[in-house]
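Asks: need the 3D shape of this:
(one chain, ligands or ions: 1)
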Amino acid sequence: MKNKKINIAIDGYSSCGKSTLAKAIAKKMGYLFIDSGAMYRAITYYFIKKKLINALDIGNIDLVKELNNVDVQFIKNEVNSEYSIFLNGQNVNEEIRKMEVNQLVSKVASVKEVRQKLVLLQQNIGKNGGVVMDGRDIGSVVFPNAEVKFFLTADPKVRAQRRWLEIQEQNVSFEEVLKNVEERDYLDTSRKESPLIQVKDAIVIDNSNLNQNEQLELALQYIEKKL
Ligand code: CDP
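Replies: Residues are numbered from 1 along each chain as shown. The predicted model follows:
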C-alpha cells in the first residue's frame, strides 16, 4: 500500500532533534511537518506579551479565560514552501525561540485547557494522514493510532550543546541552557496532564552519536516497512 498516507509521531526530550528529523522525513515523503512544540511556544509567547505570566509564575485562572482570544495557525510561505507559525495573524517564528519562552513553556504546557485546545487542533490537521508531527504526547494522546511512532533520546549534555549552538546570538551560557533542558525534562515527564512517556509501540532512537543523515536513514528504514 505504497500510496497510503500515514501519520508519523515523533516524541522525545527537549532539544534532541525531533523537529530536524520530522522535517527531513516530511520532505522526503512529501508530507506535512508540524512542530507541535511551536504551538505551545506561541501560546506562551502570547501570555508573556500580555504580561499574564512572568519569569516566576503562571496564573492559571487568567490563562484559561484568555485562551479564547488565541488563534494559532501554520501558514505556508509560497516563496520557499516553508511553514511559519502565526499567532493572531502575526508571524512569531523568531519570537517563540527566545529564552524567556523556553523558561515558561513547560509550565504553560502543563495546563489542561491549553493542551485540550492544541490537541484538538493537531488532531484536525492529521485527520487525513500525511503528517509528521513532533512533540511530547503525539504517539500517546494526539495520534495514538499513528502507524509509525519514534521516541528520540540523547544525552542531556549533547542536547544542551546542540541547543546552545542554535541560540548563540542570544548570549546565553551553556550552563543556563543545560539547566533549562534538564528542568524541562523533569517538568515534561512528571506533569499530570499527558506527560512525556515512551509508548510500547514506539521505536527508540538514541541519537547521541548519530548525525542528521544517519538518523534519517535509520528512521526511513523503519517507515519503509510500515508502508
Ligand atoms: O524544541 P524543544 O525540544 O526544546 O521543545 P519544543 O518541541 O519546542 O517544545 C517546547 C515545550 O512545549 C516542551 O518542553 C514541552 O513542555 C511542551 N510541549 C508539550 O508539552 N507537548 C507537545 N506536544 C509539544 C511540546
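
Asks: doesn't residue 132 belong to a helix?
Replies: No: with DSSP: H, G, I helix; E, B strand; the rest coil as the criterion, residue 132 is strand rather than part of a helix.

Asks: show me what contacts residue 149?
Replies: 8, 9, 10, 11, 138, 139, 199, 201, 202, 203 (CB atoms under 8 Å, 6 or more residues apart in numbering). Every residue, glycine included, has its C-beta placed from N, CA and C.

Asks: report all helices and strands that the helix or strand that contains the fourth one contacts.
Replies: Residue 11 is part of strand 7-12, with elements assigned from DSSP states H and E. With contacts defined as 3 or more CB pairs under 8 Å, 6 or more residues apart in numbering; DSSP states H and E, the packing partners of strand 7-12 are helix 18-29, strand 131-135, strand 148-153.

Asks: now tabulate the ones you listed in a markdown table and tack on distance to residue 192 and mean pLDDT.
Replies: As requested, these are arranged in a markdown table below (distance: least, CB to CB, whole Å; pLDDT from 0 to 100):
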| stretch | distance to residue 192 | mean pLDDT |
| --- | --- | --- |
| helix 18-29 | 23 | 96 |
| strand 131-135 | 17 | 97 |
| strand 148-153 | 21 | 97 |
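
Asks: which of these sits most buried?
Replies: Stretch with highest mean neighbour count among the helices and strands packed on strand 7-12: strand 131-135 (a mean of 28; mean count of other CB atoms under 10 Å).

Asks: and the ligand, which of the helices and strands packed on strand 7-12 is closest to it?
Replies: strand 131-135 (2.5 Å; CB to the nearest ligand atom).

Asks: who does the closest one pair up with?
Replies: strand 7-12 (parallel), strand 32-35 (parallel) (DSSP bridges).

Asks: deepest-packed of the ones you listed, please.
Replies: Highest mean neighbour count among the strands paired with strand 131-135 (mean count of other CB under 10 Å): strand 7-12, a mean of 28.

Asks: list the contacts for the residue nearest the centre of the chain?
Replies: Nearest to the mean C-alpha position of the chain, counting by CA atoms, centre = their mean, stands residue 37 at 2.9 Å. Residues counted as contacts of residue 37 (CB under 8 Å, 6+ apart) are 18, 19, 105, 134, 135, 136.
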